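In: quick one: sequence plus predicted model below, questions after.
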Amino acid sequence: MTRASRVAGVVLALLAMQPVLAAPAPVPPPPDQPVVDCARPVYAIDTMICDDRDLGAANAEVDGLLAGLSFAALDPGWIEPQADWVRRRALCAFQPDGHACVADAFAERLAILRALRGAGGATATWARCRSTNLPGEVAMERRPPAVLLRGAGGGVRVVAVAPGMSSWRPFVAIERDTGRQLVMKAKAARISCKIAAAVR
């Protein structure tokens, strides 16, 4: 037996005597939060939001607008649930224009939440729309920068926002708005509306 093989045998014997260490348990992801908790930021995107005065103010406004607001009666194909928006917004951290992406994400979300809350003045007109999940005639309200469509019962069916200049894409984007025709596109569907007279 060579000296090298004796040393290798001793090393193996010592290793065999070591207690087997279990692999550490994976750390679970933090729970979904509708807004960033700036007292306990978790991700880099949270720090970006909390360290920026404008983004932090937008985060706080989203928090206030969400209070008591239910998405249960809204169609998730046309109005993005809050948890889905939070996950999409987190992807801005991987974009070269991360800050602008987050800013546009907040601009879209605030426009939608304000529209759902009925905040601000709105001009309403009748519109006849072509879509598989909307009645033919809807009330259309302009709540800049958003446009929303209400069904026959008065409930909000769709909220659309024009895309900004960043990599962020609105959940429902205004593709064309001529004043007489409005075209909106979601992930898998498009709505085309002809705008008629003002609602009386």
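Out: That came in fine, so what should we check first? What you are looking at is a predicted structure, and each value in this text was computed from that prediction instead of being measured.
In: which neighbouring elements make contact with the lengthiest helix in the chain?
Out: The helix of greatest length in the chain, counted in residues with DSSP state H as the criterion, is given as helix 98-117. Other helices and strands packing on helix 98-117, by 3 or more CB pairs under 8 Å, 6 or more residues apart in numbering; DSSP states H and E, are helix 44-51, helix 53-66, helix 82-90, strand 137-143, strand 146-150, strand 156-161. The way it works is simple: take the backbone N, C-alpha and C, and place the C-beta from them, glycine included.
In: please redo it, this time with the cut-off set to 7 Å
Out: For helix 98-117, the helices and strands in contact under the criterion 3 or more CB pairs under 7 Å, 6 or more residues apart in numbering; DSSP states H and E are helix 44-51, helix 53-66, helix 82-90, strand 146-150, strand 156-161.
In: would you turn these into CSV with distance to residue 140, mean pLDDT and mean neighbour count?
Out: CSV is the format used below for the helices and strands packed on helix 98-117 (distance: least, CB to CB, whole Å; pLDDT from 0 to 100; neighbours: other CB atoms under 10 Å):
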stretch, distance to residue 140, mean pLDDT, mean neighbour count
helix 44-51, 33, 93, 17
helix 53-66, 22, 96, 15
helix 82-90, 23, 95, 16
strand 146-150, 6, 90, 23
strand 156-161, 9, 92, 24
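In: can you redo those as a markdown table with distance to residue 183?
Out: Conversion of these to a markdown table gives the following (distance: least, CB to CB, whole Å):
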| stretch | distance to residue 183 |
| --- | --- |
| helix 44-51 | 32 |
| helix 53-66 | 27 |
| helix 82-90 | 22 |
| strand 146-150 | 11 |
| strand 156-161 | 9 |
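In: distance from the chain centre to stretch 33-45, please.
Out: What separates the centre of stretch 33-45 from the centre of its chain is 15 Å, taken as CA atoms, centre = their mean, to the nearest Å.
In: flag every buried residue along it.
Out: Neighbour counts over stretch 33-45 (16 or more other CB atoms under 10 Å) mark 35-36, 45 as buried.
In: residue 67: which of these is nearest?
Out: Of all the buried residues of stretch 33-45, residue 67 sits closest to residue 35, with 10.6 Å by CB to CB.
In: how close does the closest one sit to residue 127?
Out: Shown here: residue 35 relative to residue 127, a distance of 33 Å by CB to CB, to the nearest Å.
In: one step back: and the longest helix of the chain, what's buried?
Out: Within helix 98-117, judged by 16+ other CB under 10 Å, the buried ones are 98, 100-116.
In: any idea which helix or strand comes after that helix?
Out: For helix 98-117, the following helix or strand on the C-terminal side (DSSP states H and E) is strand 123-130.
In: tell me which helix or strand of the chain sits lowest on mean pLDDT?
Out: For the chain, using mean pLDDT, DSSP states H and E, the weakest element among its helices and strands is helix 3-17, scoring a mean of 62.
In: ok, and what's touching the longest helix of the chain?
Out: Contacts made with helix 98-117 from outside it, assessed by CB atoms under 7 Å, 6 or more residues apart in numbering, are listed as 45, 48-49, 55, 58, 61-62, 65-66, 69, 79, 85, 89, 92, 95, 120, 143, 145-146, 148, 156, 159, 161, 164, 166-168, 170.
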